[in-house]
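Enquirer: I would like the atomic coordinates for the input below:
(2 chains, ligands or ions: 1)
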Amino acid sequence: MCLGIPGRIEAILDGSPLERSGRVSFGGITREINLAYVPEAAVGDYVIVHVGFAISRVREDEAQQIFRYLEEIGELDQL
Amino acid sequence: MKYLDEYRQRSSIHKLAAQVNDTVTRPWTIMEVCGGQTHAIVKYGLQQLLPAQLQLVHGPGCPVCVTSLEIIDKAIAIAARPEVVFCSFGDMLRVPGSNGDLQSAKAAGADVRAVYSPLHAVRLAEENPDREVVFFAIGFETTAPANAMAAFLARRKRLRNFSLLVSHFLVPPAIESIGSAADSRVQGFLAAGHVCAVMGYEEYLPLASKFRFPIVVTGFEPLDILEGILMCVRQLEQGKHEVQNQYARAVVRSGNMPARSMLEQVFEVATQDWRGVGSIGNSGLQLRSEFAEFDALKKFRPVIAVPETDSGCISGQIMLGHNKPSDCPHFGRECRPEHPLGAPMVSTEGACAAYHRYSRQVSTNEH
Ligand code: SF4
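Expert: Numbers count the residues shown, from 1 in each chain, chains lettered A, B, ... in the order given. Model prediction:
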């Protein structure tokens, strides 16, 4: 229940600000998700979804940080 | 899947685990607060990859596990009413009350339905004006914005046949209570990333300085958890006690402002009873008086017998970090996923269920 998973916004559906929703794809599965708490999120963005609500937009630049770190370790290993 | 698969790659996991191994010089005990993290640690055998000196203990962050016997008994009493459609997240249906669970109430004729989102329950209330729809609003700060929205929309839609049975928990007071325990073994915490996605992490700053332990806001994938552990261990080795954010792709310091302001409008902080742990001041949420008409407890006033508490379950000891599931004499014997004695054996986020499911890893895991 508590497992928030990242999904990609495929389409924004109409709705009042509180009921603003979108079609969000999780791998192959698509669900209608409430987007009221991520007003800045747009089609193509990834959002973290909990119990039918997006609670956070995933920041791509931050997501890359760990892989940059792993690369650095890899380069050190090769020295 | 993007943002999942790349954080589960074996080679990266091993590389990062090696970094932890290189960093640790002394024994340390770190608690991950969230049940989702516990599940990932056991599933991916992360403890096994770490040095024997570094022990992970599993905190109280499984909402199913900490929901009190009393509230489950009340849920069953409300669900049994003929006019009620009782909606709950699926995980809650099999949590044992003092006399059966919601699933058995359903088998006995109660209209109990598993829903994915509280908004489904709101929709059911709109579609069934002649029935009383009750939603079991449980969880931590992660589910609270969804549940708050359900109450808010129900009020705006003037629904008279919708109410919430609220059992909400807050993480920082639990950390405070674990930190204050005289015999606590825990020296550092991994805070739950998604709780912080909602609330931010300012609340953790005073806790880290008061108890002088590092707190690292951490995600849920194996790479996230290992990086969180690495950050925590680096601080411990250097004698630091800061709040750091490993999960910056989803968490900013102030959290999700629209969600926090909705929480503020609908809920207020209250004392909460944690199953297996006891009552902790200011550790829960209840509906504000403006939303009293949506409070299922006020609407139905369920009467229950005083719950019988002693099933021999030591979940409280586990959630405080004193023991691990395999220390429980009932583990895998009287208590199994098909026949849970305590809630941590029910939910996939519960430490006991995770240990049971991945028992092969765990037996080589424990040092
Ligand atoms: S194994 Fe069962 S009885 Fe023991 S602590 Fe876990 S849930 Fe409770």
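Enquirer: which residues touch B:Val269?
Expert: B:Leu170, B:Asn282, B:Gly284, B:Leu285 (Cβ atoms under 8 Å, 6 or more residues apart in numbering or on different chains). Using the backbone N, CA and C atoms, a C-beta is placed for each residue, glycine as well.
Enquirer: then B:Val134?
Expert: Counting by Cβ under 8 Å, 6+ apart, B:Val134 has contacts B:78-79, B:84-87, B:121, B:162-165, B:296, B:300.
Enquirer: show me the strands in the chain, by range?
Expert: Answering for chain A, as no chain was given. A:5-13, A:21-26, A:29-34, A:46-50, A:53-57 (DSSP state E).
Enquirer: right idea, wrong chain: chain B
Expert: B:28-34, B:54-61, B:84-88, B:111-114, B:132-139, B:162-169, B:188-192, B:215-218, B:243-245, B:267-274, B:278-287.
Enquirer: what is the nearest of the contacts of B:Val269 to B:Tyr247?
Expert: B:Leu170 (18.8 Å; Cβ to Cβ).
Enquirer: and that closest one, what are its phi and psi?
Expert: For B:Leu170, the backbone dihedrals (degrees, to the nearest 10) come out as phi -120, psi 140.
Enquirer: residues in contact with the longest helix belonging to chain A: which ones?
Expert: Ranked by residue count, the top helix of chain A under DSSP state H comes out as helix A:65-78. With contacts defined as Cβ under 8 Å, 6+ apart, helix A:65-78 is touched by B:Glu6, B:Tyr7, B:Ser12, B:Lys15, B:Leu16, B:Gln19, B:Leu223, B:Asp224, B:Glu227, B:Ala248, B:Arg249.
Enquirer: can I get that helix in PDB? Just the C-alpha atoms.
Expert: In PDB, the C-alpha atoms belonging to helix A:65-78 read as follows (Å, rounded to 0.1, in the frame of the first residue of the first chain):
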ATOM      1  CA  GLN A  65      23.700  11.700  -9.500                       C
ATOM      2  CA  ILE A  66      24.200   8.200  -8.200                       C
ATOM      3  CA  PHE A  67      25.200   6.900 -11.600                       C
ATOM      4  CA  ARG A  68      27.800   9.700 -11.900                       C
ATOM      5  CA  TYR A  69      29.100   8.600  -8.500                       C
ATOM      6  CA  LEU A  70      29.200   4.900  -9.600                       C
ATOM      7  CA  GLU A  71      31.200   5.900 -12.700                       C
ATOM      8  CA  GLU A  72      33.700   7.800 -10.600                       C
ATOM      9  CA  ILE A  73      34.200   4.700  -8.400                       C
ATOM     10  CA  GLY A  74      34.600   2.600 -11.600                       C
ATOM     11  CA  GLU A  75      37.300   5.000 -12.900                       C
ATOM     12  CA  LEU A  76      39.100   4.900  -9.600                       C
ATOM     13  CA  ASP A  77      39.100   1.100  -9.700                       C
ATOM     14  CA  GLN A  78      40.800   1.200 -13.000                       C
END
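Enquirer: could you tell me the end-to-end distance of stretch B:300-317?
Expert: 34 Å (Cα to Cα, to the nearest Å).
Enquirer: give the contact list for the residue of the stretch 101-250 of chain B found nearest the ligand.
Expert: Relative to the ligand, the nearest point of the stretch 101-250 of chain B is B:Asp101 (13.7 Å; Cβ to the nearest ligand atom). B:Asp101 is in contact with B:Ile72, B:Ile76, B:Leu93, B:Arg94, B:Val95, counting by Cβ under 8 Å, 6+ apart.
Enquirer: B:Pro51 now?
Expert: B:Val20, B:Asn21, B:Val24.
Enquirer: and it, backbone torsions?
Expert: Taking degrees, to the nearest 10, you get phi -70, psi 150 for the backbone angles of B:Pro51.
Enquirer: which pLDDT does the model give it?
Expert: On the pLDDT scale, B:Pro51 is placed at 95.
Enquirer: same question for B:Arg113.
Expert: Turning to B:Arg113, the model gives it a pLDDT of 97.
Enquirer: make sure it is actually in contact with B:Val85.
Expert: Yes - between B:Arg113 and B:Val85 there is a contact under Cβ atoms under 8 Å: 6.4 Å.
Enquirer: and the contacts of B:Val269, which are buried?
Expert: Taking 16 or more other Cβ atoms under 10 Å in any protein chain shown as the criterion, what is buried in these is B:Leu170, B:Gly284, B:Leu285.
Enquirer: find the nearest non-adjacent residue to the first one, please.
Expert: This means B:Leu170. Nearest residue to B:Leu170 in three dimensions, chain neighbours excluded: B:Ser283, at 5.2 Å (Cβ to Cβ, 6 or more residues apart in numbering or on different chains).
Enquirer: and B:Val346, how close does it get to B:Ser359?
Expert: 17 Å (Cβ to Cβ, to the nearest Å).
Enquirer: neighbour count: the two, which is higher?
Expert: The neighbour comparison of B:Val346 against B:Ser359 (other Cβ atoms under 10 Å in any protein chain shown) goes to B:Val346, with 23 against 15.
Enquirer: per-residue confidence at that one?
Expert: 82.
Enquirer: so who does it touch?
Expert: With contacts defined as Cβ under 8 Å, 6+ apart, B:Val346 is in contact with B:Val64, B:Cys65, B:Asp91, B:Arg94, B:Val95, B:Pro96, B:Pro337, B:Pro340, B:Ala353.
Enquirer: what about 10 Å?
Expert: By Cβ atoms under 10 Å, 6 or more residues apart in numbering or on different chains, the contact set of B:Val346 is B:62, B:64-65, B:91-96, B:101, B:337, B:340, B:352-353.
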